[in-house]
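Asker: pasting a predicted model and its sequence here:
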Amino acid sequence: MDKDKDIIVKYKGVDLERDGNPILNGINISICEGEFVYLIGKVGSGKSTFLKSLYREIPLEKGSGYVLDYDLETMRKKDIPFLRRKVGIVFQDFQLLIDRTAAKNLEFVLRATGWKNRELIKMRIEEVLTQVGMQNKGYKMPHELSGGEQQRIVIARALLNSPEIILADEPTGNLDPETGNQIVQLLHKISEGGTAVIMSTHNYSMVEKYPGRVIKCEDGYLKDISQAAKKETEDLEE
């Protein structure tokens, strides 16, 4: 974690539950702007629960949590949409509207989040499509795009409102290895531009190939294993 960068996520002693069942306990974690963080762990270990807590889909049962200066404990219901506009979400199953083109999918999100000027909407759509290498595919319907192309459109959608964090929940889960690699490279590039990326995955080879900070969900806890590895190395060097 870079001490010179602003902390945008801070959890202290946080417990999370789903349907009344304890999922994660005693979460203590800070994440800085522009960090690339892998969230690893087995299916059902709590990765999605943690991600959903960051945009207040799942409330904190205990402890304190701040995301982008929003206090997750005390924030009012009417403030939740404002938090979510600053958080871009990339789903494994794309969740594109199948009855309209890629560009119209993006326009729908902009209009839903308060954009009204037609020219500004058009310009922003062109910008994010270019950013994800899809500038010539906006006219296509989702079914005309490959899985990797659809995921690029989903990332473009997540970028529309210039979020400070992107949460990518198993974004390569439905893709072949080569396409999955391209998506991770794209997310790394986005984090280098200053947007924090938290990506859940159970693909450990991806973590080795494209290094980042690694946090593991295991036995009901979040463990920063990159920090542990760093300390181990420092201890050996002493």
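Answerer: Noted; the coordinates are in hand. Numbering: from 1, shown residues only.
Asker: give the buried residues for the helix of greatest length in the chain.
Answerer: Scanning the chain for the longest helix, with DSSP state H as the assignment, gives helix 177-192. Neighbour-count burial for helix 177-192 flags 179-184, 186-187, 190-191 (criterion: 16 or more other C-beta atoms under 10 Å). (Each C-beta comes from the backbone N, C-alpha and C, glycine too.)
Asker: check stretch 122-137 too.
Answerer: So, applying 16+ other C-beta under 10 Å, buried residues of stretch 122-137: 124-125, 128-129, 131-132, 134, 137.
Asker: give the rounded mean pLDDT of the longest helix of the chain.
Answerer: Mean pLDDT, helix 177-192: 92.
Asker: helices of the protein, residue ranges please.
Answerer: 47-54, 80-85, 102-112, 118-131, 147-159, 177-192, 204-209, 225-237.
Asker: can you put those helices in TSV and add distance to E73?
Answerer: Below are the helices of the chain laid out as TSV (distance: least, C-beta to C-beta, whole Å):
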stretch	distance to E73
helix 47-54	11
helix 80-85	13
helix 102-112	27
helix 118-131	33
helix 147-159	26
helix 177-192	28
helix 204-209	32
helix 225-237	25
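Asker: by mean pLDDT, show me the worst of the ones you listed.
Answerer: Looking at the helices of the chain, the bottom one is helix 225-237 with a mean of 53.
Asker: rewinding a little: in CSV, list the buried residues of helix 177-192 along with distance to R84.
Answerer: Conversion of these to CSV gives the following (distance: C-beta to C-beta, whole Å):
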residue, distance to R84
T179, 28
G180, 26
N181, 29
Q182, 27
I183, 22
V184, 24
L186, 22
L187, 19
I190, 18
S191, 20
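Asker: among the residues you listed, which pair sits farthest apart?
Answerer: The most widely separated members of the buried residues of helix 177-192, counting by C-beta to C-beta, are T179 and S191 (19.3 Å).
Asker: please name the nearest non-neighbouring residue to K104.
Answerer: L97 (7.7 Å; C-beta to C-beta, 6 or more residues apart in numbering).
Asker: for A168, which of the helices of the chain is the nearest?
Answerer: Using C-beta to C-beta, the helices of the chain put helix 177-192 closest to A168, at 6.1 Å.
Asker: now the angle between helix 147-159 and the closest one, please.
Answerer: Counting by axes from the mean of the first three to the mean of the last three C-alpha atoms, to 10 degrees, helix 177-192 points 20 degrees away from the direction of helix 147-159.
Asker: and the pLDDT at D4?
Answerer: 61.
Asker: mind starting the numbering at 531 from now?
Answerer: Done: numbering now begins at 531, and the last item shifts to D534.
Asker: domain parsing for the protein?
Answerer: 531-616+695-768, 627-692 (automatic domain parsing).
Asker: before we move on, the earlier item: nearest to Y600, out of the helices of the chain?
Answerer: Across those, closest to Y600 is helix 610-615 (C-beta to C-beta), at 4.8 Å.
Asker: distance check, the residue nearest to the spatial centre of the chain against Y734.
Answerer: In the chain, the centroid-proximal residue (C-alpha atoms, centre = their mean) is L697; its distance is 0.9 Å. Distance, L697 to Y734, by C-beta to C-beta, to the nearest Å: 20 Å.
Asker: next one: T643
Answerer: For T643, the distance to Y734 (C-beta to C-beta) stands at 36 Å.
Asker: ok, I559 next?
Answerer: On the measure of C-beta to C-beta, I559 and Y734 end up 20 Å apart.
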